[in-house]
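>>> Need the 3D shape of this:
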Amino acid sequence: MKAGAALEGKIRELGVAEIELHDEVSSYQARVGASNKGYVGEYFHRNINTLPPSMFQGFTCSNSEGDIIATTALRYDDITGWDLATYIREFWARAYRTEEGEPVELSKESVPFAKGIEGPIAYIGDTFVDEKMNSNNLAAYIVRLCLLIANTKWQPAYTYGWMARNHAFKKALFLRWGYPTCYFGGMDWVRPPINKAYEDLCFLGCAPAGIVQIIRKPLDIGLD
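Next up is the predicted model:
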């Protein structure tokens, strides 16, 4: 609770007047639609997923003028019977398409670092910060707070996300965001996605031990 309060205080200090938590995807989608982001990603879009409140948490921030300036979302999945590598291959094949409109396909050798990760998992994604706010590390504090929310709400065995390669390598943003683990080059495509930005994402991971570190030092994003 103290760590969450510290992160919320920092987020408000950086210009957020209101934080909204959304239990329904429809409510979250409406707020995202009012932002400069404008769309909800595949992991949360209603046309692809059925996410009841027990599996979903949306997070949006607005400034004092009421403008939506930041978003992110969380989902919970019980993947019992699979490991995370299998789940990722299956999810991407259902949710993403090639240039020809066919389901994408990852090879069975893809994301080897996710093999053996079992049990309930949480995913954090759809993270957006308006360009007028993106120089103050607001996203880092928001994602850290969402990592705490996910682990308070669901107690997952593992939490993961994706990050663009240049953000992970040039800026080491994954460490600021609270993910101790980052793997690159794990997406081996049989049929790649139409969006070239998705072809070589970095995989971010956080086990419960990483959550403990955020609880111990919630505001330490490595810049002070």
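>>> mind listing the strands for this protein?
Along the chain, the stretches classed as strands by DSSP state E are 18-22, 56-62, 68-78, 105-106, 120-129, 158-163, 181-183, 189-191, 202-206.
>>> list the contacts for residue 169?
Counting by Cβ atoms under 8 Å, 6 or more residues apart in numbering, residue 169 touches 184, 202. Backbone N, C-alpha and C define where each C-beta goes, glycine included.
>>> related to what we said a few turns ago, and the strands of the chain as CSV, adding mean neighbour count and mean pLDDT?
Below are the strands of the chain laid out as CSV (neighbours: other Cβ atoms under 10 Å; pLDDT from 0 to 100):
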stretch, mean neighbour count, mean pLDDT
strand 18-22, 15, 97
strand 56-62, 23, 97
strand 68-78, 22, 97
strand 105-106, 20, 97
strand 120-129, 22, 97
strand 158-163, 22, 97
strand 181-183, 16, 96
strand 189-191, 15, 97
strand 202-206, 23, 97
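>>> Same list (those) but as CSV, adding distance to residue 85.
Shown next, in CSV, are the strands of the chain (distance: least, Cβ to Cβ, whole Å):
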stretch, distance to residue 85
strand 18-22, 30
strand 56-62, 23
strand 68-78, 14
strand 105-106, 9
strand 120-129, 11
strand 158-163, 11
strand 181-183, 11
strand 189-191, 15
strand 202-206, 10
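>>> Let me know the angle separating the longest helix seen in the chain from strand 158-163.
Counting residues, the longest helix found in the chain (DSSP state H) is helix 138-153. When axes from the mean of the first three to the mean of the last three Cα atoms, to 10 degrees is applied, the directions of helix 138-153 and strand 158-163 differ by 160 degrees.
>>> Show me which residues of helix 138-153 are buried.
138-151 (16 or more other Cβ atoms under 10 Å).
>>> what's the average pLDDT for that helix?
In this model, helix 138-153 carries a mean pLDDT of 97.
>>> quick one: contacts of that helix?
So helix 138-153 is contacted by 3-4, 7-8, 10-11, 14-16, 21, 57, 59, 61, 69-70, 72, 74, 76, 122, 124, 127, 129, 156, 159, 161, 173, 176-178, 206, 208, 210-211, 214-215, 218-219, 221 (Cβ under 8 Å, 6+ apart).
>>> Okay, angle between that helix and strand 18-22 too, please.
Between helix 138-153 and strand 18-22, the angle comes out at 40 degrees (the same axes, to 10 degrees).
>>> Put the alpha carbons of helix 138-153 into PDB.
C-alpha atoms of helix 138-153 as PDB (Å, rounded to 0.1, in the frame of the first residue of the first chain):
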ATOM      1  CA  LEU A 138       5.600   9.100 -16.500                       C
ATOM      2  CA  ALA A 139       5.300   5.700 -18.300                       C
ATOM      3  CA  ALA A 140       7.800   4.200 -15.900                       C
ATOM      4  CA  TYR A 141       5.900   5.100 -12.800                       C
ATOM      5  CA  ILE A 142       2.500   4.100 -14.400                       C
ATOM      6  CA  VAL A 143       3.800   0.600 -15.400                       C
ATOM      7  CA  ARG A 144       5.400   0.100 -11.900                       C
ATOM      8  CA  LEU A 145       2.000   0.900 -10.300                       C
ATOM      9  CA  CYS A 146       0.300  -1.500 -12.700                       C
ATOM     10  CA  LEU A 147       2.800  -4.300 -11.800                       C
ATOM     11  CA  LEU A 148       1.700  -3.800  -8.200                       C
ATOM     12  CA  ILE A 149      -2.000  -3.700  -9.200                       C
ATOM     13  CA  ALA A 150      -1.700  -6.900 -11.100                       C
ATOM     14  CA  ASN A 151       0.100  -8.700  -8.300                       C
ATOM     15  CA  THR A 152      -2.400  -7.400  -5.700                       C
ATOM     16  CA  LYS A 153      -5.400  -8.400  -7.800                       C
END
